[in-house]
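# Build me a model from this:
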Amino acid sequence: MLNMVANRVPTFGRVFIVMDPDDTDEENYNRMQDVFPPDPNGKVRLFTSLSDAYDATESNNNDVILLDGNSTHVLTEMLTVSNNRVHFIGMDGGGHLTAQGAKVQIGVTGVATDLAPVLVTGVRCSFRNIKFINASTTNETLYGFIDNGEGTVIENCSMIKTLGLDDSNHASFWMAGDSLSMRNCVIGQSNTPNTAAGFGILIDGKTGGATDGTVKENFIENCYINMSVGGSVQATSCFIKVADASALNFGNTINGLIGNNFIPSGGTIMTDAVLGAAQTSGNLLLANCVFSGSTGIGSASGQGVYSAASGVAPVAAGGLSTATTD
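Numbering: from 1, shown residues only. All right, here's what the predicted structure looks like:
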């Protein structure tokens with residue numbers, strides 16, 4: 001197990017295990033008790049609560065939390081990952097785009113500050129092979145995952161909002177950080193239509209994180225956005241929402257994104273894949289991205305959002321970007 005951790009996250013930190021409290025009768029649970037007993041100083045390394053395991057980590061120690069892949073790890077409040085260099089790995093074989101066995105879920109809390117299952121504000125934290133679920137109807141719990149950190153890595157994860165799809169401006173992923181590396185992930189779901197304005201990715205600054213509200217130099221590659229837009233919100237929903245004129249700073253790139261809006265029988269196509277505003281200090285490049293279930297790519301030109309595909313024309317200018325527009 002330690003060799004596996006070293007291959008995935010080559011660090012010097014400690015390893016903590018999180019098992020579901022309902023799985024105490026399973027062989028894995030009993031084996032983990034034997035393999036990870038408290039250390040000589042009484043430090044606990046096996047937990048039945050993700051929040052408790054995170055509380056045991058030390059900032060900048062590169063500690064690793066391994067999540068049992070058999071059950072859902074339920075949060076009673078949003079987990080704010082403010083410690084630096086903490087790493088989370090779901091343990092079910094890995095390699096998933098979706099349907100990860102290790103699930104982290106928040107339900108109805110009724111607390112306005114519980115914005116998502118996880119909010120990252122720390123530096124250089126990482127998440128691998130985990131499914132994040134927002135199953136809350138609390139009006140303020142709008143997001144599947146929030147990255148407001150610096151240098152976050154997210155690989156082979158999925159993030160969805162399953163309930164509260166009648167709350168305006170919800171998003172499965174809120175990108176608010178600095179220098180994100182995100183790859184091989186699925187954002188959103190298509191089996192339940194949203195009836196209020198909803199987005200796959202929301203791009204907007206958020207104060208209180210490692211970046212102090214600045215969204216800059218983020219990189220997303222080989223990811224998917226699933227949506228199903230219902231009701232009368234086809235014009236206000238989109239795969240990517242750039243919130244306002246100051247949402248982006250410097251260069252940001254999304255490469256190889258596939259956005260699929262499932263239109264059920266009798267449904268209406270979404271108007272635009274991307275909704276934005278004229279930017280003052282940054283841009284977003286959509287490289288080799290494709291969208292299904294929307295009439296146009298962008299709501300207007302001049303918004304700092306550009307689209308390019310490599311090798312689409314046998315001319316010298318092939319691959320050059322153009323401003324997104326209908």
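# Poorly predicted segments of this structure, please.
Low-confidence segments of the chain (pLDDT under 70): 24-25, 29-30, 34, 42, 212-213, 311-322, 325-326.
# For residue 37, the count of nearby residues, please.
11 (other CB atoms under 10 Å). In short, each C-beta sits where N, CA and C put it, glycine included.
# quick one: contacts for it?
By CB atoms under 8 Å, 6 or more residues apart in numbering, residue 37 lies in contact with 45, 46.
# ok, it to residue 68 distance?
17 Å (CB to CB, to the nearest Å).
# and if you look at residue 239?
33 Å.
# and these two? which has more neighbours close in?
Remark: of residue 239 and residue 68, residue 239 carries more neighbours, 31 against 21, as counted by other CB under 10 Å.
# Can you tell me, leaving aside adjacent residues, what's nearest to that one?
Excluding the flanking residues, the one nearest residue 239 by CB to CB, 6 or more residues apart in numbering is residue 259, at 3.8 Å.
# was I right about the one you found contacting residue 291?
Yes - Residue 259 lies in contact with residue 291 (CB atoms under 8 Å); the separation is 4.3 Å.
# higher neighbour count, those two?
The neighbour count for residue 259 versus residue 291, taken as other CB under 10 Å, is higher for residue 259 (27 against 23).
# on that earlier part again, look up phi and psi at the residue nearest to residue 239.
phi -110, psi 120 (degrees, to the nearest 10).
# For residue 258, grab the count of nearby residues.
With other CB under 10 Å as criterion, residue 258 counts 16.
# scratch that, residue 269 is what I was asking about
12.
# That one reaches residue 291, doesn't it?
No - in terms of CB under 8 Å, residue 269 does not count as a neighbour of residue 291; the distance is 10.9 Å.
# list residues touching both of those two?
With CB under 8 Å, 6+ apart, residue 269 and residue 291 have common neighbours residue 261.
# Wait, residue 295 touches residue 268, no?
No - with contacts counted by CB under 8 Å, residue 295 stays clear of residue 268, the gap being 9.9 Å.
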